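Participant: I need the structure of the sequence given here:
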Amino acid sequence: MDSIKSLKGYGKVEELEEKAFKRKTRRRFIIFIISIVMLLAVIIGAVAGILIHKRSNSSPNTIPPTELTPAASLKAVCSVTQYPSSYFSSISPFASSNTTDQELLFKLSLKVDIDELSRLSQYRTKLQAETNDTQVKFTLEVCGDLFEDALDRLNDSTTSLEVGERVKLLSASKIDDLKTWLSTTITD
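Facilitator: Next up, the predicted model:
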């Protein structure tokens, strides 16, 4: 008879357990519905925001961008340097500085740097001639070597900007080389 009693209770769940299971299921269902509603609200908000942004950008009331004049372009390039007025006064005398081409302005800045560094290295020889102190002469000689190394790096940078036909002027590898050479120039 014991086996019959055990079979009667098999598969039956107590009422409290059944209520707890229904409550958990209802809670999960409510959380699922709220999550879906919130997801839909975010998607609708994003789409509405994009559409509103596109409409405001394509409205006929927008002012067309003004083209930069060569002088304004040169001033814009100079403004991001550490000494904008010095940079502007160094490059502006060149006839080809009257351009909006930033690559040409970069080449001009390298030319100005090479000219100034050459002039500075000549000043070293003048100072060596004026002194009799051997330590000062040796120090100036080391400075001269550093100036020559810096000039070599600047010349390497200028040479790397020379390209043939159908070759992109500044590829990623050339930009990396330029960064290396120019940082070496600054370090020297």
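Participant: check contacts around Asp177.
Facilitator: Asp156, Ser157, Ser160 (Cβ atoms under 8 Å, 6 or more residues apart in numbering). The C-beta positions use only the backbone N, C-alpha and C, and glycine is treated the same way.
Participant: how about 7 Å then?
Facilitator: Counting by Cβ atoms under 7 Å, 6 or more residues apart in numbering, Asp177 touches Ser160.
Participant: likewise Ile31?
Facilitator: Ile31 touches nothing, counting by Cβ under 7 Å, 6+ apart.
Participant: Use 364 as the first number for this chain going forward.
Facilitator: Renumbered: residue one is now 364, and that last one reads Ile394.
Participant: What strand or helix carries it?
Facilitator: helix 378-420 (DSSP states H and E).
Participant: and that helix, how far from the chain's centre?
Facilitator: 39 Å (Cα atoms, centre = their mean, to the nearest Å).
Participant: For the next helix or strand after it, output the C-alpha coordinates as CSV.
Facilitator: Per DSSP H and E, the first helix or strand lying C-terminal to helix 378-420 is helix 433-442. Extracted in CSV, the C-alpha atoms of helix 433-442 (Å, rounded to 0.1, in the frame of the first residue of the first chain):
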residue,chain,number,x,y,z
PRO,A,433,45.5,82.1,-49.4
ALA,A,434,46.3,84.6,-46.6
ALA,A,435,43.6,83.2,-44.4
SER,A,436,44.8,79.6,-45.1
LEU,A,437,48.4,80.6,-44.2
LYS,A,438,47.1,82.3,-41.0
ALA,A,439,45.1,79.2,-40.1
VAL,A,440,48.1,76.9,-40.5
CYS,A,441,50.3,79.3,-38.5
SER,A,442,47.7,79.6,-35.7
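Participant: just checking, next helix/strand downstream of helix 433-442?
Facilitator: Next in sequence after helix 433-442, counting helices and strands by DSSP H and E, comes helix 447-454.
Participant: That next one packs against which elements?
Facilitator: helix 433-442, helix 465-493 (3 or more Cβ pairs under 7 Å, 6 or more residues apart in numbering; DSSP states H and E).
Participant: Sort out which residues of that helix are buried, please.
Facilitator: Burial within helix 447-454, assessed by neighbour count using 16 or more other Cβ atoms under 10 Å, is assigned to Tyr450, Phe451, Ser453, Ile454.
Participant: so the second one sits right up against Lys438, yeah?
Facilitator: Yes. With contact defined as Cβ atoms under 7 Å, Phe451 reaches Lys438; the gap is 6.5 Å.
Participant: can you put the helices and strands packed on helix 447-454 in a markdown table and add distance to Leu414, mean pLDDT and mean neighbour count?
Facilitator: As requested, the helices and strands packed on helix 447-454 are arranged in a markdown table below (distance: least, Cβ to Cβ, whole Å; pLDDT from 0 to 100; neighbours: other Cβ atoms under 10 Å):
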| stretch | distance to Leu414 | mean pLDDT | mean neighbour count |
| --- | --- | --- | --- |
| helix 433-442 | 34 | 73 | 16 |
| helix 465-493 | 35 | 82 | 14 |
